[in-house]
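# Got a sequence here, can you build the structure:
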Amino acid sequence: MQTASATTEFIYDYAGRRVSSWLSPNNFGDEGRIYWDGQQVAYRANDGTTYFDHQDTLGTERMRTNYAGSVGSSYVSLPWGDGYSATVNSSGADQDNAHFAGLERDAESGTEHAQFRNYTSRQGRWLSPDPYTGSYDLTNPQSMNRYAYVLNNPMSMLDPSGLVVICDETGCHDCDSDDTACASKGGDCVANGTEGCITASNPGTATSLQPTPSAPSSGSSGAPNNGFKAKVCSAIPSGRTQGASGGLGGVGSVGGGGELVFNYNSGQVSAFGFGGVQVGWNGGASGSIYTGFVYGLNSSNSNYSGGFTGFNVGDGLGIFGASSSGGLTGGTGGLAPNGAVTAGGISLGGGLLGGLAGGATATNYTNPLQLGKLWAFDPLDALLYAARQLCN
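From the prediction side, this is the model:
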């Protein structure tokens, strides 16, 4: 940058963040920024003092302090970045121009600069339309407004690139339990499409949510791929179970069995044993083989251990469903399904006395016995495993 008195050179890192500025021709260091895990944590002013940054969960600057803990400056602003005011106790503490949501503030124009366009906090809008056609989402009409900042939800979202919003579970999509993709299950993740989620259990910071922006593709068709992809990926199970079980009893029964669980996220194959009780008609003695899909598995299948509450019903051919819970060891209150891991499918079997049988079940599963990866996958498993890799 050329001025009447000097030339200022700016140095940026691989992610496009400014790290320092230098005055030519003497190569005098004018100021510097210090990052940790992608987040700016400190600023070195041209008076030689280092000030530490204190930001809210969306990366908006709220305070800067020196090494002794004294407040050099503090900042107040409204959700859109409007109503901005600063209390400056030390002039060096207010030299850094990163203020609202991690964006660079231009004092001359009063706008904030993202990598691909400028934002005006006075109007709460971008000054140019979104150039990234991949951010259209027909399920969210707000995405059709190409000037809107973060889908008009600045309390929960941010957009450091000017292309793709970073969102929370209420404004966009929840995360799956394996923390790999936006889905309908709930959880915390840095995810594809929306690039990151802020949730109640993980309010996050600008550190974990800072994406590496990608330039818009000139060949993009403009299809609403973000929302559509999330919906498709949420429908793909995280694994499959197959097993055999048996039980003894009439109206009430006890039983047990074993299962193999095939994980579509990691390829892990695990064996489990289980035992439990059933309230319902069991036909005196019964046995069945079954298979079904599982949602919510982590990469090691370890969260398939513990309690499950479910049901089964059938006469020869039947169906079953189950959800993780406190199981038999959780007491009466622990039998309520929590939905963290769910399974459902079909069974083939029968009872000694014949006829329709089934009822409500409460079981507990052992810890997994790990049997390796991918070796027992059938063609359908291989297809769904490949689909999950694309989603992840």
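# buried sites along stretch 262-280?
262-270, 272, 274, 276-278, 280 (16 or more other CB atoms under 10 Å). (Each C-beta comes from the backbone N, C-alpha and C, glycine too.)
# Revised request: answer the last question for stretch 38-57.
In stretch 38-57, counting by 16+ other CB under 10 Å, buried: 38-40, 42-45, 49, 51-53, 55, 57.
# what's the one helix or strand residue 310 maps to packed up against?
Assessed by DSSP states H and E, residue 310 sits inside strand 306-315. Strand 306-315 is packed against strand 268-281, strand 317-325, strand 342-351, strand 357-365, with contacts defined by 3 or more CB pairs under 8 Å, 6 or more residues apart in numbering; DSSP states H and E.
# so which of the ones you listed comes closest to residue 94?
strand 317-325 (51.7 Å; CB to CB).
# circling back: okay, now the sheet partners of the strand holding residue 310, with direction.
Here strand 306-315 has these sheet partners by DSSP bridges: strand 317-325 (antiparallel), strand 357-365 (antiparallel).
# Contacts for the last one next, please.
In other words, strand 357-365. For strand 357-365, contacts defined as CB atoms under 8 Å, 6 or more residues apart in numbering pick out 259, 272-283, 286, 304-315, 318, 322, 325, 327-329, 335, 350-351.
# average pLDDT for that strand?
The pLDDT scores in strand 357-365 average 92.
# who does the following helix or strand past that strand touch, helix- and strand-wise?
Sequence order places strand 369-373 as the next helix or strand after strand 357-365, per DSSP H and E. If you count contacts as 3+ CB pairs under 8 Å, 6+ apart, strand 369-373 packs onto strand 268-281.
# mind giving me the domain ranges of this protein?
Domain assignment for the chain, taken from automatic domain parsing, gives 7-100, 131-235, 239-391.
# Would you confirm that residue 72 contacts residue 53?
No: here residue 72 lies out of contact with residue 53, judged by CB atoms under 8 Å, at a distance of 10.6 Å.
# Report the set of residues contacting both of the two.
residue 64.
# Regarding residue 231, which helix or strand does it belong to?
Residue 231 belongs to helix 225-235 when assigned by DSSP H and E.
# could I have that helix exported to CSV, CA atoms only?
Coordinates of each C-alpha in helix 225-235 appear next as CSV, following Å, rounded to 0.1, in the frame of the first residue of the first chain:
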residue,chain,number,x,y,z
ASN,A,225,-26.6,-29.0,-3.3
ASN,A,226,-25.9,-28.1,0.3
GLY,A,227,-29.3,-28.9,1.7
PHE,A,228,-30.0,-31.8,-0.7
LYS,A,229,-26.7,-33.5,0.1
ALA,A,230,-27.3,-33.2,3.9
LYS,A,231,-30.7,-34.8,3.5
VAL,A,232,-29.4,-37.6,1.4
CYS,A,233,-26.5,-38.3,3.8
SER,A,234,-28.7,-38.2,6.8
ALA,A,235,-30.8,-41.1,5.3
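# Next secondary structure element downstream of it?
Past helix 225-235, the next helix or strand by DSSP H and E is strand 239-249.
# and that following strand, what other elements does it pack with?
Using 3+ CB pairs under 8 Å, 6+ apart: strand 239-249 touches strand 252-263, strand 268-281, strand 284-295, helix 379-391.
# I'd like to know which of those is closest to residue 127.
Closest among the helices and strands packed on strand 239-249, using CB to CB: helix 379-391, at 34.8 Å.
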